[in-house]
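1. Here is the input, now give the coordinates:
(chains A and B)
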Amino acid sequence: MLPPFALERPDRLEDALALIGDDCLPYCGGTELLMAMKLNVLRPSCLVDLKGIAALARVEWRGDSLVIGGAVRHASLAADAEISRSLAVLTVVEQRVGNARVRTQGSIGGNLCFAEPRSDVATLLAALGASITLASSTGQRRIAITDFVLGAYETVREPTELLVEVLVPSARLKSGVYLKHQYAERPTVGVALVREGENGVWRLAVGAVGDVPIVIEVSSLDEIDAEAVADMTDPIEDISGGVDYKQHLVAVYVRRAVQAAAEDLGA
Amino acid sequence: MPDLEPGQTHLHAGRSVLRPDLIEKVTGAAQYCVDIRRSGMLHAKIVRSRRAHARIASIDTSAARAMSGVVAVIVASDLAGLFARFGHIVPDHEILASGKVRYYGEPVAIVVADTEAAASDALDYVDVDYEDLPAVMSAEEALAPGAPLVHEEQHRRVDVDSLSPVETGADQGELRTSNVAHEATLEWGDVDSVWPVAAAVVENRMHYPMLYAYAMEPYNAVASFDEGRLEVDSTAQHPFMVRDDLARIFSLPLAAVTVRAPYLGGGYGSKSYTKVEPLAAVASWRTGRPVKLVLDVEESIYTTRADSAEVHVRSAFDDQGHILAREIDIVMDSGAYADNSPLVVAKSVNRSFGPYRVPNLRVRGRSVYTNTSPASSYRGFGAPQGVLAGETNLEQAADRLGIDSAELRRRNLVRPGEEILHGKRGIDADLPADLEMVVGALREHAPEDQSWFASAMACSASDAGAFPVSTATVRVQADGSVIVLSGSTEMGQGSRSALAQIAAEELRVELRVVTVRQSDTGATAYERTTGASRTTTLTGLALQRACQDALSKLRSMAAEVKGCSADEIAPSPAGFALPGGDTISYGEVVRSWFGAAAGEVTGIGLLRREGATAKMPPFWEIGMIGVGCRIDPATGAIAVEQLVTVGDVGFAINPQAVEAQDLGAATQGLGCALFEELLYDGPQLMNPNIVDYRVPRMRDLPGRIDAMLAERRDGVGPYGAKGSGEGALNPIAAAVATAVARVVGRWPDRVPLTPERVWRLINETGPDDTTGDRSSPREG
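-> I've put the predicted structure just below:
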């Protein structure tokens, strides 16, 4: 059951930042946080509801770059017409994140800050070369997504910091595919393959299988050796598969992603 | 009232009517047990064992009792003076562990507090000092020579067939010598003489997993003990049997204990018999206030699961494919307490060899105690475990004999009326005809692309209905409306509408004037259980009799008030036709007879083992399934592209509901075939939650579903009906395993067939050894 807590509902970002700390946690969709509280893994005395802060709920384009507020929900991203036109791979991922309840309630910021190793969004953002902005009452900093996530459920975020935005640079120039093997509630393997521009580099990210996504940059699809990529992964052995099976799946899905990219993107 | 159309024989029965509970369930207005509050109510939380098997050296509750909001902390020694155990077959199940704990998750103490949060917080402050004992975590370990005993004492067993109650008072049992909780056997002919002369002997072994019958509503109860009376609202499929257990615990008259079961948020057998009610009841008894106890999903998983099973089948055939003999050995891991597992294993024995002519048979089933969570009833009741091994054995025989497996079944299936179990009711179904329906549907809709695709079928017959003890009451009101009272629980299966349809049919009234009230031991009619697919058939028969009783009384009363003979009165809609052409409604009969705008007429219907229901089982429940599966060879993932169900129900009182039951049962069975398995890692489960324990979802539904009904009016129930709701589950794992074997060319030895297992099956090297032990690496 949910233990008792105080609920703060600021409508200004500064007020939220002033409250957030060790014992006062940011709360948006609650899809991970409330479960952790029900299990007594987290026991904050106070939650700061971010849903009333307009600055965190915006999706905007700065030139070719896409900026997504930390409290934007998966369902909003999945339904965003401009994203669907300009960065369809994000739409595809957001349409199939978690389940209907997670998509309706859960935010992109919460998803990233919980650093669930099997996050589809984190894997795609790694391939997209995205960065995030952390703000606190004393300032802010921007960090590449690959540097933000340290390991399973572990990020560089300080307790007083809030993930205020996700930035996908040159998003309009990027195109990609995302494929996943999902048998249980969360994917076993997720593979994102993204190209920047007609003749740009390819970035391959393999997630879900290990603690953090691995990212490889190549100049052509021919350079991707699926077996070699599989060998680079360090799979977590669990009830969805043993190490050998998961590495096999990585190779299968890398090959399928390469094939899909070649077909879909005319590479 | 609907008019009879050509070909229709009934006004209400046989129509897909709107269920009366549908709207309130969809809108969320329906009251479930978890919604019930009482004034002055306290909240209980359970301190659970963190060991699989350990002696309890001491329990210190002082720190917990000192916490804010805590009213009481109850341990086993506080229950002195009570009969502090339950179990309707073997009364071995302690309300709170005393002396030792037998599984991780076993209740050790109850914390009762003003709020749920206060009770929850105090759990960690109950200090239990354990001394570890060697544990047996599987049936194999439990059966090994010299294995530690889960139970030292042999409790007196109840004779299930005679239904004699558990004797109260002291039952100093004998000491046990093994972990076998129950053994059931069935034998005829001489199997041993057959093996040497058979044209083919086919042997296989299948493992059926531990399952959780995931219900959206976890176990919960509110109990109120006051002045020698006990009232309990709970998630009980069988409120009358729970009442009997509670009355024994407190030495109360049955009439002093009331158990009510409102709508259940899913049961599937997991809510049969007593679960959390004694915990809530003793907490109320100690504190003198109403106590509510709500388990979470993890606690529910540790409360009851399905028996896992290791089943070994050996069958002999002549060169024409006729079965000469079958020998089957079933070992079930029943966990720490017997609960209903002795009956599950006994039914598994009856259901394991299939609805075939088997001239020589030997089946042995053992239910084994282990230091795991207790197993009990699960939809299908022993059939899925046995049928998985029995039907895949038959398919392997078809391969060996070079006979198409449908043809092999045609040659062996019992014909209508033929006995499956010697001396029992012959089969009240036409299995060869059902088989052709499946074969036809699979053939007709076979996909063009046959790569990595195979279809398969499987069938089963279950001796269903359980012991026929049912009652029903109808109360015809002064306005002619009708109240039906039944002790059968509505848990989503649609009994509320089926019973209303039967009453409306019998009384010739509109469906909307019938209200069905269920499952209150103090107010509704008695019903032994809501299980074994029995409600439509057995409660339905009792209800028909209750309606006839009411009609007979109303007719006599009409004759009295109209001054004519009862023989001169004929049936008419919602009333009677009188001599001379007038009609009189039931309401007018009631009002005229009582001489006021008041009164009611009550009809009673009683059902026992006599007449049409003398022979056991009351009916056979048929499972006849076809699946079409495609495998992704790179990942091992199975897509079930086609599902064929045949609901051989005699007569469908609500056809839409029957089809939905078949689809629900088949889907639940697909869960076991493809995804579901509780896995132990050391003393505790790896996946006691519904994130890691994967149940079927909408996306998993087969692309093509052919849900067919076979209505031959051959059942003993109303209008020729038989039970439904479990049959489609029983054979489906066998059908999926067969389809996988047809695609891969190797026989799996277990389900669920997860992508990883199928991939390993595809990539195994070496001979296809169907009898070898080929467990995948991470099974504990």
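2. unless I'm mixing things up, A:A115 is touching A:T155, no?
-> Yes - between A:A115 and A:T155 there is a contact under CB atoms under 8 Å: 5.1 Å. Just so you know, the C-beta spots here come from the backbone N, C-alpha and C atoms, and that holds for glycine as well.
3. Find the residues that touch each one of those two.
-> Listed as contacting both A:A115 and A:T155 by CB atoms under 8 Å, 6 or more residues apart in numbering or on different chains are A:V149.
4. What does the residue located most distally from the centre of chain B show for phi and psi?
-> Relative to the centre of chain B, the most outlying C-alpha is that of B:G580, 53.0 Å out, by CA atoms, centre = their mean. Per-residue torsions, B:G580: phi 100, psi 0 (degrees, to the nearest 10).
5. and stretch B:106-123 with chain A, contact?
-> Yes - using CB under 8 Å from any CB of the partner chain, stretch B:106-123 reaches chain A at B:116-117, B:120-121.
6. Counting neighbours, which of those residues comes out on top?
-> Most neighbours among the residues of stretch B:106-123 next to chain A, by other CB atoms under 10 Å in any protein chain shown: B:D121, with 22 neighbours.
7. Backbone torsions only: list them for the nearest residue to B:A309 once chain neighbours are set aside.
-> Nearest-residue entry for B:A309: B:Q385, 3.8 Å, with adjacent residues in sequence omitted and distances by CB to CB, 6 or more residues apart in numbering or on different chains. In terms of degrees, to the nearest 10, the main-chain angles of B:Q385 are phi -60, psi -50.
8. Can you name the residues that contact B:Q385?
-> B:208, B:307-309, B:311, B:330, B:332, B:348, B:352.
9. which stretches of the stretch 451-600 of chain B form helices?
-> For the stretch 451-600 of chain B, helices defined by DSSP state H, counting those that start in this stretch occupy the ranges B:495-507, B:540-562, B:586-594.
10. Next, the contact list for the spatially most central residue of chain B, please.
-> Central residue of chain B (CA atoms, centre = their mean): B:G269, 3.1 Å from the mean position. Neighbour list for B:G269: B:213, B:237, B:376-381, B:531 [criterion: CB under 8 Å, 6+ apart].
11. Make CSV from the residues you listed and add distance to B:Q493 and neighbour count to it.
-> Converted to CSV, these look like this (distance: CB to CB, whole Å; neighbours: other CB atoms under 10 Å in any protein chain shown):
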residue, distance to B:Q493, neighbour count
B:A213, 14, 23
B:Q237, 10, 24
B:S376, 19, 28
B:S377, 15, 29
B:Y378, 15, 28
B:R379, 11, 25
B:G380, 14, 35
B:F381, 15, 31
B:G531, 11, 27
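12. Return the member of those residues nearest to chain A.
-> B:A213 (18.6 Å; CB to the nearest CB).
13. is it true that the closest one touches B:S376?
-> No - using CB under 8 Å, B:A213 is not in contact with B:S376; the gap is 9.6 Å.
14. okay, and the common contacts of those two?
-> With contacts defined as CB under 8 Å, 6+ apart, the residues shared by B:A213 and B:S376 are B:269-270, B:304-305.
15. okay, B:S775: pLDDT?
-> On pLDDT, B:S775 comes in at 36.
16. go on, B:V484?
-> On pLDDT, B:V484 comes in at 98.
17. residue contacts, it?
-> B:472-474, B:499-500, B:503, B:514-517, B:543, B:546.
18. if we go to 6 Å?
-> B:474, B:499, B:503, B:516 (CB atoms under 6 Å, 6 or more residues apart in numbering or on different chains).
19. B:L361 now?
-> Residues near B:L361 by CB under 6 Å, 6+ apart: B:188, B:326.
20. just to revisit the earlier point, out of the helices of the stretch 451-600 of chain B, which is the most enclosed?
-> helix B:495-507 (a mean of 26; mean count of other CB atoms under 10 Å in any protein chain shown).
21. what's the offset of it from the middle of its chain?
-> Computed by CA atoms, centre = their mean, to the nearest Å, the chain-centroid distance of helix B:495-507 equals 23 Å.
22. That helix to helix B:586-594, inter-axis angle?
-> Angle, helix B:495-507 to helix B:586-594, by axes from the mean of the first three to the mean of the last three CA atoms, to 10 degrees: 70 degrees.
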